[in-house]
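Visitor: Everything below, folded, please.
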Amino acid sequence: MTPKILRFGYVCEFLIALIAIFAAWSEIGGQPALDIMHWAWKLGLSVALAASIVGYTAALVADEPLWTLRSARWMSVIVIIIIGIGVVTYYYALQADTGESDETGTVSFLTGLPSGSLRT
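Guide: Next up is the predicted model:
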């Protein structure tokens, strides 16, 4: 294949990998954990994982044998990033399970009376 076609294929693979990562992350990790997670964690880890997947594919395409030192390095990077995603998701899942709310625990109600009149 020509380098231009390979580059186009890698860009398409990167974009498809991003979609797959976000879809799988919300299903596996749970949407409540992702809702309270800072956006930088989601963006950074997903882009790093998608780029690592493309790097692994490029290493496989570049050499004839299936397992080379380069492809093994990319696979180890993928595994490390997936472990990082799991740790960050687990931390935010614990934060979501604590059920912390902004409520003070007091009960307020309205009587419908003007503030100056009291019933006795």
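Visitor: got the buried residues for the helix or strand G9 falls within?
Guide: If you go by DSSP states H and E, G9 is part of helix 3-29. Buried positions in helix 3-29, judged by neighbour count with 16 or more other C-beta atoms under 10 Å: Y10, A17, L18, I21, W25, G29. (Glycine included, C-beta is placed from N, CA and C.)
Visitor: Read off the pLDDT value for the closest residue to A50 other than its chain neighbours.
Guide: Nearest residue to A50, sequence neighbours excluded (C-beta to C-beta, 6 or more residues apart in numbering): A17, at 4.0 Å. pLDDT for A17: 97.
Visitor: which residues does the one residue sitting closest to the centre of the chain contact?
Guide: In the chain, the residue lying closest to the centroid (C-alpha atoms, centre = their mean) is K42, at 3.9 Å. Counting by C-beta atoms under 8 Å, 6 or more residues apart in numbering, K42 makes contact with F22, W25, L34.
Visitor: ok, the nearest residue to the last one once chain neighbours are set aside to A96 distance?
Guide: What that stands for is L34. Leaving aside its chain neighbours, L34 sits nearest to S26 (5.6 Å; criterion: C-beta to C-beta, 6+ apart). Using C-beta to C-beta, to the nearest Å, S26 is found at 13 Å from A96.
Visitor: Tell me the helix or strand right after the worst-scoring helix or strand of the chain on mean pLDDT.
Guide: Ranked by mean pLDDT, DSSP states H and E, the helix or strand of the chain with the weakest confidence is helix 31-36, at a mean of 90. Note on helix 31-36: by DSSP H and E, the next helix or strand toward the C-terminus is helix 39-62.
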